[in-house]
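S.K.: below is the sequence, then the predicted model.
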Amino acid sequence: MALNKRIVDEVVREDIEQPKGKRVLTQLERLSIVEIEVENVKGSIDDGFKRIEGWIKTVVTFGVGKVILGLGTLSYNVMIYNVSVNSEMKTYIEKAITASEEKTKATITASGQKTGRVG
């Protein structure tokens, strides 16, 4: 066992002490490098999507809020306008009916005076 450890130490020491030209990567080393790069790119893409999702949520939130606020304001204005128009319309109708009654009375009175009958 000690002999095996000594042989391994010598082989490792030789590799460290005497670098040899270009080193060819094993299949496993290549795969591990590719996996690391894929994880880095995947992390960048995921971060980008999270930022985009955040912007989309913000835009939708403010857009929906603005629409709801606009509809609320519109309905409030319509209610207020309806109340004021309703009272104006009642006043106008009362004036129109009164004027019509007076005109009708005047017409009846005038026609009665022509015929000599006043009712």
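M.R.: The structure has been received and is ready for your questions.

S.K.: center of this structure - which residue?
M.R.: Against the mean C-alpha coordinate of the chain, by C-alpha atoms, centre = their mean, the closest residue is Val60 at 0.9 Å.

S.K.: and that residue, which helix or strand is it part of?
M.R.: Using DSSP states H and E, Val60 sits within helix 27-115.

S.K.: and for Arg23?
M.R.: Assigned by DSSP H and E, Arg23 belongs to no helix or strand.

S.K.: from Ser32, how far out is it?
M.R.: Here the criterion is C-beta to C-beta, to the nearest Å. By it, Arg23 lies 15 Å from Ser32. C-beta coordinates here come from the backbone N, C-alpha and C atoms, glycine included.

S.K.: these two - which one has more neighbours?
M.R.: Remark: of Arg23 and Ser32, Ser32 carries more neighbours, 12 against 9, as counted by other C-beta atoms under 10 Å.

S.K.: report pLDDT for that one.
M.R.: Looking at Ser32, its pLDDT is 83.

S.K.: what of Asp46?
M.R.: Predicted confidence (pLDDT) for Asp46: 77.

S.K.: Ile7 too?
M.R.: 58.

S.K.: and for Tyr76, the neighbour number?
M.R.: By other C-beta under 10 Å, 10 other residues sit near Tyr76.
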